[in-house]
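# Give me the fold of what follows.
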Amino acid sequence: MLKPSRIVSGTKKLIMRKLKEAELRERLKSYDDPTITDHLYDFGKMLVSEVIERNNRLETKAGSIAAYSIGLITLLASTYSIWKGRVSTVGILIGCCAAFTATVLTVWAIKLQWYEAPSQNDWFNGDVLDNREDLRKYHLITLLGVFDCHEAAADKKARRVGWAQLALFTAAGSIFLSLLFALLT
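Okay, the predicted model is just below:
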């Protein structure tokens, strides 16, 4: 069974079938024109750069969410004597718990992670070293592995950052409603 890859574009989800290494090897055998390999190689480098940049943007967003969440907790803790007894403690507690959850999720999203990277053996593979075109095709297979590894990491990060964002909105909403209720009563 083929594992789909989801790409979100606006509100639509496009489902793309992941290419298996065996399928890639068959496709690479199906042509002889080196300009096709050049094009595939350039496109593969662009895809790897894009997925690495996507990971970087997700980590930046996670850092911002963590900062807001920690700031919210700090603000509530430092102003405790002001709002104690005037604002619903339950609402503030829910807000603090949600902000803490957002912080934990963002730390989980940006934690150190190992990625697949080309090895020296991939670079100088002895089985294909005597043929430039075969070596470039082998490097395409390596690029696919690197891309798949980074894409899987980006998918995990995106889910965790999305949940963290929801937790931060829940925290802000809970605190806002608690303050609004205190002002109206």
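
# For Leu47, see how far away Glu53 is.
Using C-beta to C-beta, to the nearest Å, Glu53 is found at 11 Å from Leu47. Placement of C-beta: from N, CA and C, glycine included.

# again but with Asp33, I slipped
Asp33 is 21 Å from Leu47, where distance means C-beta to C-beta.

# neighbour count winner among those two?
Comparing Asp33 with Leu47 by neighbour count (other C-beta atoms under 10 Å), the higher total belongs to Leu47, at 16 against 9.

# In contact with Thr106: list those residues for me.
Ala62, Gly63, Ile65, Ala66, Ser69, Arg160, Val161, Ala164 (C-beta atoms under 8 Å, 6 or more residues apart in numbering).

# For the chain, just list every one of the helices.
21-29, 34-78, 80-83, 89-110, 120-123, 132-184 (DSSP state H).

# Turn these into TSV, columns for mean pLDDT.
Shown next, in TSV, are those (pLDDT from 0 to 100):
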stretch	mean pLDDT
helix 21-29	89
helix 34-78	95
helix 80-83	84
helix 89-110	94
helix 120-123	87
helix 132-184	93
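
# tell me the most buried of those?
Neighbour counts (mean count of other C-beta atoms under 10 Å) averaged over each of those peak at helix 89-110, with a mean of 19.

# tell me the angle of that one relative to helix 132-184?
170 degrees (axes from the mean of the first three to the mean of the last three C-alpha atoms, to 10 degrees).

# what angle do helix 89-110 and helix 34-78 make?
If you take the same axes, to 10 degrees, helix 89-110 sits at 150 degrees to helix 34-78.
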